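Novice: Whatever this is, show me its structure:
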Amino acid sequence: MNWVHPYFLGYSVMAGTATAALARHRGRRALLWFIFGTIAWFVAVPWLFFTKSRLPDGQAASRRMIPLAVVATCAAIGLNTANVASRPATLPACDSYLGVSDLQDFVAASPAGKVSGLKLLSMTDIREVVRSATEVACNGTGHLNTGAVRMDYSFYFEDGKRLVEAHW
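Specialist: Numbers count the residues shown, from 1 in each chain. Sure thing, here's the model as predicted:
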C-alpha cells in the first residue's frame, strides 16, 4: 500500500479529526487524540466511549464537537468508499478462494450442473498455465460429487466484467 496515497492521507486526517472532536467533547486533549485517531481510530474511538472522562467541576461538555465528529466520520467513510471503488478489477490466482469459488459457481450454473445437480467440491493439483493482464488460464483436478475429472479453466475480462470459463 502506498502510504502517501491521497485517499489514505485524507482518510487518516478525517479519522483523526473525528476522534479529536469526540475526545474534545469528552473533555480530553484534542491534539493527542487526533494523532491517536489517525494511527488507530478503531482503538481510540471505543476507548473514548467506554472509559469515563471527567470534566472539571462546572464545565459542560462542548456540544459543538458532535457535528464535527459526524461530518469527519462521513468524510472518512466516503473517502474509503471512493478508494475501494477506484481500484481496478483484478484476476484471481488459480488456487485462491475467490478463483475456486467462482469455478464452483460456474459448474453449478452450467447446463450439466443444473440438470444433474453437478457440484464441484474441491480442486487439487492446481497449476497456472498462462497469465496476462486480461486472462489467467489454469488446470487441475476437480473433485465433483460424481467423481474426479481433469479441468481446464480460465478467468478473463469481457466488457468490464470478470468471467470464468471451464472445460472438463
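Novice: Could you use CA atoms for every contact and neighbour count after this?
Specialist: Fine.
Novice: quick one: low-confidence ranges for the chain?
Specialist: 1-4, 53-58, 61 (pLDDT under 70).
Novice: try 80
Specialist: Scanning the chain for pLDDT under 80 picks out the ranges 1-7, 52-64, 83-89, 160.
Novice: in it, which spans are strands?
Specialist: 120-131, 135-144, 147-158, 161-167 (DSSP state E).
Novice: deepest of these, which one?
Specialist: strand 135-144 (a mean of 19; mean count of other CA atoms under 10 Å).
Novice: partners of it in the sheet?
Specialist: Strands adjacent to strand 135-144 in the sheet, as given by DSSP bridges, are strand 120-131 (antiparallel), strand 147-158 (antiparallel).
Novice: In JSON lines, list these along with distance to Leu79.
Specialist: JSON lines is the format used below for the strands paired with strand 135-144 (distance: least, CA to CA, whole Å):
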{"stretch": "strand 120-131", "distance to Leu79": "32"}
{"stretch": "strand 147-158", "distance to Leu79": "27"}
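Novice: tell me, what residue is most central in this structure?
Specialist: When the chain is reduced to its mean C-alpha position, the nearest residue by CA atoms, centre = their mean turns out to be Val84, at 7.5 Å.
Novice: residue boundaries of the helices in this structure?
Specialist: With helices called from DSSP state H, the chain shows them at 6-25, 30-50, 65-86, 97-109, 111-116.
Novice: Of all the strands paired with strand 135-144, which one is nearest Trp168?
Specialist: Closest to Trp168 of the strands paired with strand 135-144, according to CA to CA: strand 147-158, at 4.6 Å.
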